[in-house]
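Enquirer: test case, fold it:
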Amino acid sequence: MTGKTMVMLLESIDMGKLIGTPTPGPSTGAAVDNISRGASSRGSLGQLISLVLILVIILVAAYYTSRFIGGIKLGQMKKSNFQVIDSYRVTANKVLQIVKIGNKYVVIAIGKDNISYITELDESEVMIRELHPSEKQDFKQIFEKLKNKNE
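Expert: Predicted coordinates for the structure are as follows:
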């Protein structure tokens, strides 16, 4: 850092004053202060830009990593014999679920530390809700409905 400051100092001081040993005076002290302030502000700006760039790189890496892992998990779920058909939250930490295992439908109770078998259902007893592409709405449509409802 002192090498950079010295080079900048030589550029800002009159060469005629450098013959012999310069004595620090009010003009050279002010020049050094101005130079050091300029160097530190440029250094701070550079650090800020590099930190923002690192943050953006980390966010992009996290996004693509989560997409990659989600794709792997989705592929595993499609190949699985288990499929959660419906869930109903009974209390904060107790849930009833209808799970399709192979060709059978099973009702299970899931608690904080245990899973209990309740009963088996026939296919005629289970109503499977399928979302059609026309029923799917994007966030903008949902937001507009909520916005109009509040007005």
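
Enquirer: what mean pLDDT does the helix or strand harbouring Val56 have?
Expert: For Val56, the host element (DSSP states H and E) is helix 26-78. For helix 26-78, mean pLDDT is 79.

Enquirer: the helix or strand just after that helix pairs with which strands, parallel or anti?
Expert: Elements were assigned by DSSP H and E; along the chain past helix 26-78, the next helix or strand is strand 82-91. Applying DSSP bridges, strand 82-91 is found paired with strand 94-101 (antiparallel).

Enquirer: next SSE downstream of the partner strand?
Expert: Counting by DSSP H and E, what follows strand 94-101 is strand 104-110.

Enquirer: so what touches that next one?
Expert: 85, 90, 94-100, 115-123, 125-126 (Cβ atoms under 8 Å, 6 or more residues apart in numbering). C-beta: built from backbone N, CA, C; applies to glycine.

Enquirer: can you give me the buried ones in stretch 87-102?
Expert: Judged by neighbour count (16 or more other Cβ atoms under 10 Å), stretch 87-102 contains these buried residues: Gln97, Ile98, Val99, Lys100.

Enquirer: for those residues, give me TSV that also has distance to Leu51 and pLDDT.
Expert: TSV is the format used below for those (distance: Cβ to Cβ, whole Å; pLDDT from 0 to 100):
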residue	distance to Leu51	pLDDT
Gln97	45	93
Ile98	49	92
Val99	47	91
Lys100	49	90
